[in-house]
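Q: Pasting the sequence and the predicted coordinates here, then a few questions.
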Amino acid sequence: MLNRTSRSVTLTAAGEALQSALAQPFDEIGSALDVLNRFRDVPMGRVRLSVPTEAAEFLVGPVMATFLERYPEVEIEFSVNNRMIDVIENGYDAGIRYGGTVPQDMVAQRLSADIPWLVVGAPSYLDRMGTPVNPGDLQSHRCVKIRIGDESIYRWEFERGDEKIEINVPGGMTVDQGQIGLVAVRDGAGLMYVAEPMVRKDLRDGTLRTVLEQWAPLGPGFHIYYSSRRQVPAALRLFIDLVRELRPLGL
């Protein structure tokens with residue numbers, strides 16, 4: 001490998017070939033480290049999130065213009081659906097859910113304040129069918145039923161002081177996406193149980209009215225969750241920090 005004299009040491013042809021072969025992997029390692037340093041100086045990368053429809057519209061959507069402006073090298077992919085899926089098994093870096101439904105083996109961080117749940121109806125429906133005074137009155141109303149992420153039909157939950165009630169409501173329409181049901185409810189199809197952000201504008205302009213206000217419960221807000229066995233990608237950390245900074249649904 002080496003030619004030695006009393007005054008110098010030089011590579012043989014075989015030694016030069018070995019040096020060339022060994023240099024390439026080390027050069028690639030150096031290039032990889034340069035890329036890593038770019039992550040520190042200029043945030044970049046790609047993350048995939050599974051997000052329910054309400055979170056997509058009222059939590060994620062309002063922050064994305066700012067996020068993309070601040071971090072143009074970061075790419076975020078959202079899959080919007082209400083199904084209960086294993087985010088890790090399905091290739092997502094994280095998921096967003098209401099606090100009470102986050103899997104127990106995940107690390108979770110709160111992204112919003114707790115959320116009021118309301119029963120709403122159009123003035124035309126309430127004028128025609130009357131206004132329920134207590135949850136039991138719902139049995140004589142048309143209600144839009146909700147199929148939740150585990151494929152069961154949601155039992156509407158009510159609280160007043162220490163009293164808690166769950167109602168299996170009647171109705172001829174079932175949805176697994178709230179905005180579809182609200183289109184029908186605005187036209188007088190019946191009553192619907194919704195998260196307050198979904199109908200904030202409707203209540204403000206009078207398109208919808210609330211009923212059973214004294215029974216309205218306060219539910220856990222949105223949380224983002226990810227595996228405790230994985231390092232949190234830098235791009236995901238930036239997204240979490242921005243949502244918590246801008247607080248589109250309070251915090």
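A: Yep, that arrived.
Q: all contacts plus neighbour counts: C-alpha atoms, from now on.
A: Fine.
Q: Run a quick neighbour tally on Q109.
A: Per other Cα atoms under 10 Å, the neighbour tally for Q109 reads 15.
Q: just checking, what packs against the host helix or strand of it?
A: Assigned by DSSP states H and E, Q109 falls within strand 106-110. Counting contacts by 3 or more Cα pairs under 8 Å, 6 or more residues apart in numbering; DSSP states H and E, strand 106-110 is packed against strand 222-227.
Q: Spit out the contact partners of the most centrally placed residue in the chain.
A: Nearest to the geometric centre of the chain sits I96, at 2.9 Å (Cα atoms, centre = their mean). Residues in contact with I96 (Cα atoms under 8 Å, 6 or more residues apart in numbering) are L49, S50, V51, P52, A55, F222, H223, I224, Y225.
Q: ditto for P217
A: P116, W117, L118, E157, F158, E159, R160.
Q: And the second one, what's its pLDDT?
A: Per-residue confidence (pLDDT) for W117: 97.
Q: List the buried residues of the strand or helix carrying E245.
A: Taking DSSP H and E as the criterion, E245 maps to helix 234-246. For helix 234-246, the neighbour count (16 or more other Cα atoms under 10 Å) marks A234, A235, L236, L238, F239, L242, V243, R244 as buried.
Q: low-scoring stretches of this protein, by residue?
A: Low-confidence segments of the chain (pLDDT under 70): 1-42.
Q: quick one, domains of it?
A: The chain breaks down by automatic domain parsing into domains covering 11-40, 42-114+220-246, 115-219.
Q: now the last one, how far from the centre of its chain.
A: Relative to the chain's own centre, domain 115-219 is displaced by 23 Å; criterion: Cα atoms, centre = their mean, to the nearest Å.
Q: cool, the second one as well?
A: Distance of domain 42-114+220-246 from the chain centroid (Cα atoms, centre = their mean) equals 5 Å.
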